[in-house]
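Asker: Quick check, what structure comes out for this input:
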Amino acid sequence: MRAFRTEFLGGALVALGLLLLPSPVGAQQPYELVILNGRVIDPESGLDAVRSIGIRGGRIETITAGALSGRDTIDAGQLVVAPGFIDLHAHWQTPASYDFMALDGVTTALELEGGAFPVAPWYESRIGKARIHFGASASHGGARSRAIRDSAAIVRALASARTAQDSLEASRPHLYRKASVDEIRQMQTLLDQQLAAGALGLGFGINYTPGAGREEIYRIFALGASRGVAAFVHHRGGGEQHRGGMMDSMQELIANVATTGISLHIVHITSSSQGQTPLALELIDSARARGLDITTELYPYEAASTSIQAAIFDPGFRERLGIDYQDLLWPATGERLTAESFERYRRTGGMVVAFVIPPEALKAALVHPGVMIASDGVPLINGQGHPRGIGTNARVLGRYVRDEQWLSLTEAISKMTLLPARRLEQWVPQMRSKGRLKVGADADITIFDPARVIDRATYEKPALPSEGIAHVLVNGVRVVRDGKLVDQVTPGQAIRRDSGPR
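Answerer: Below is the predicted model of the structure:
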């Protein structure tokens with residue numbers, strides 16, 4: 001009897017001990033969300049296989065060929081499961097633009113060319129309110145505007161202005177006037193403050209600030225180098241005759257990288273370099289082969305878009321850009337411009353579409369292994385604008401992967417995810433967990449139908465969302481479900497250089 005009691009008590013103690021021991025991770029509870037049986041493509045590891053993914057706490061906890069259960073499930077059979085797309089170049093971000101980007105598979109949108117100034121209120125206005133992740137560089141143009149204030153001079157210049165161009169230049173000295181040494185120092189101080197506030201780097205639209213001299217740009221590049229960040233730059237000109245041509249513009253940037261040691265990302269290489277895009281890519285490749293840290297991007301369209309009052313449309317633009325008035329489209333009416341309508345719209349202002357990118361330039365950049373995909377998207381105004389902010393990623397996946405077969409699916413996904421994440425992760429730790437599908441990575445995931453994905457937005461009707469993007473997760477939260485936006489979800493987080501509040 002005593003032996004029986006001892007054996008019974010021992011068994012009870014063992015059973016109690018088993019209850020107290022932690023259970024295996026997979027057996028704790030069902031995952032919060034499980035993606036079942038999708039074609040999982042991870043550009044970092046090269047994985048391309050049918051797998052299921054378990055998500056908990058906003059992160060990927062498992063990727064397996066085995067069975068998984070979750071409180072919520074997505075049947076991804078026949079669908080591609082990819083890292084969420086990262087857009088390095090998205091201007092003037094609004095809730096409406098976040099909606100369109102999410103429907104195009106974007107989970108992180110960064111304003112790196114134009115940047116923000118000041119950055120703190122820019123971030124604060126979006127925290128807790130954004131559907132997708134967001135972040136910005138510090139704007140050189142914003143700092144220049146703050147440093148150059150000539151109110152009395154503006155009044156005098158406007159009084160003597162004789163033409164519309166005179167008025168434009170007189171009213172905007174922060175764009176057209178050369179800065180003094182003291183003003184350049186003030187810009188450096190202002191930009192340094194923005195970097196301390198978490199800005200992701202330094203953003204330059206040099207082509208929009210023709211008054212910014214070579215020394216000014218060099219001095220601010222040197223500031224960025226000293227702070228260990230990158231410069232994101234729209235170079236001075238693209239057409240062969242533009243301010244010395246693309247070679248002159250590119251060589252200025254390459255020389256600044258060589259002399260300061262800064263990292264450089266050149267935005268939209270095709271619209272800036274136009275027919276000379278292959279030569280521009282050759283310059284970048286040669287610089288990289290010699291140890292300089294330079295990268296670039298493109299958007300997959302043959303037309304650019306910007307304000308008709310921008311400096312690039314100053315007198316002589318047709319010769320510089322190699323285009324004529326009929327190469328300009330006014331989206332609000334759908335009309336191609338004439339000399340008369342160009343002057344009329346330039347006085348009133350608005351966005352114009354310019355067909356400046358040859359098809360061969362687009363293909364050269366798109367198939368280049370190091371060139372990233374970025375939209376340069378701008379929010380629509382009264383439903384009008386360029387379609388690139390609406391359909392960039394679906395356009396690549398549908399037209400140039402599936403239909404034209406210029407790229408493999410993995411190559412295209414890498415250009416939208418891993419390459420952008422790697423461009424930033426050296427000084428933005430948050431990006432080390434994005435752009436990949438692996439255990440421990442953030443659950444920013446885009447799931448699409450490779451047979452259906454396509455852009456629908458056009459120059460005449462840009463407000464048409466992409467098709468074939470089935471599901472989009474941001475931090476493991478569904479923001480797109482079955483191709484439709486999920487109402488009242490704002491899981492987007494601030495992306496800052498110091499990682500910021502999570």
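Asker: Quote the end-to-end distance of stretch 328-348.
Answerer: 16 Å (Cα to Cα, to the nearest Å).
Asker: Please disregard the earlier target; I meant stretch 480-498.
Answerer: 29 Å.
Asker: same thing with stretch 327-343?
Answerer: Start-to-end, stretch 327-343 (Cα to Cα) is 15 Å.
Asker: May I see the buried residues of that stretch?
Answerer: By neighbour count with 16 or more other Cβ atoms under 10 Å, stretch 327-343 contains the buried residues D327, L328, L329, W330, P331, L337, F342. Just so you know, the C-beta spots here come from the backbone N, C-alpha and C atoms, and that holds for glycine as well.
Asker: Which of the three states applies to the third one?
Answerer: At L329, secondary structure determined by DSSP: H, G, I helix; E, B strand; the rest coil is strand.
Asker: and it, how far is that from E460?
Answerer: 9 Å (Cβ to Cβ, to the nearest Å).
Asker: cool, the last one as well?
Answerer: Computed with Cβ to Cβ, the distance linking F342 and E460 is 19 Å.
Asker: before we move on, back to that, among the buried residues of stretch 327-343, pick out the one closest to V486, please.
Answerer: Closest approach to V486 among these (Cβ to Cβ): P331, at 29.6 Å.
Asker: mind listing what that closest one touches?
Answerer: Neighbour list for P331: M351, V352, V353, Q384, G385, H386, Y459, E460, P462 [criterion: Cβ atoms under 8 Å, 6 or more residues apart in numbering].
Asker: which non-adjacent residue is nearest the last one?
Answerer: In space, P462 comes closest to P387 once its chain neighbours are excluded; the distance is 4.3 Å by Cβ to Cβ, 6 or more residues apart in numbering.
Asker: From A136, how far out is R59?
Answerer: 25 Å.
Asker: same thing with Q188?
Answerer: 19 Å.
Asker: Could you do V257 as well?
Answerer: Distance from V257 to A136, by Cβ to Cβ: 22 Å.
Asker: what sits against the residue nearest to the spatial centre of the chain?
Answerer: Residue closest to the mean C-alpha point of the chain, counted by Cα atoms, centre = their mean, is L88 at 1.9 Å. For L88, the contact set (Cβ under 8 Å, 6+ apart) comprises L110, L112, F232, H265, E297, M372, A374, P420, R423, L424.
Asker: And the pLDDT for T163?
Answerer: Note for T163: predicted pLDDT of 55.
Asker: same thing with N256?
Answerer: For N256, the predicted pLDDT is 98.
Asker: Confirm for me that it is in contact with M250.
Answerer: No. If you go by Cβ atoms under 8 Å, N256 and M250 don't touch, sitting 10.8 Å apart.
Asker: Of those two, give the one with the bigger neighbour count.
Answerer: M250 (26 against 23; other Cβ atoms under 10 Å).
Asker: Make sure I have this right: that one is in a strand.
Answerer: No. Counting by three-state DSSP, M250 is not part of a strand but helix.
Asker: The residue lying closest to it once chain neighbours are set aside and A289: what is the separation?
Answerer: Spatial nearest neighbour of M250, excluding adjacent residues (Cβ to Cβ, 6+ apart): L283 at 5.1 Å. Distance, L283 to A289, using Cβ to Cβ: 11 Å.
Asker: Please identify which of those two sits among more neighbours.
Answerer: Remark: of L283 and A289, L283 carries more neighbours, 19 against 8, as counted by other Cβ under 10 Å.
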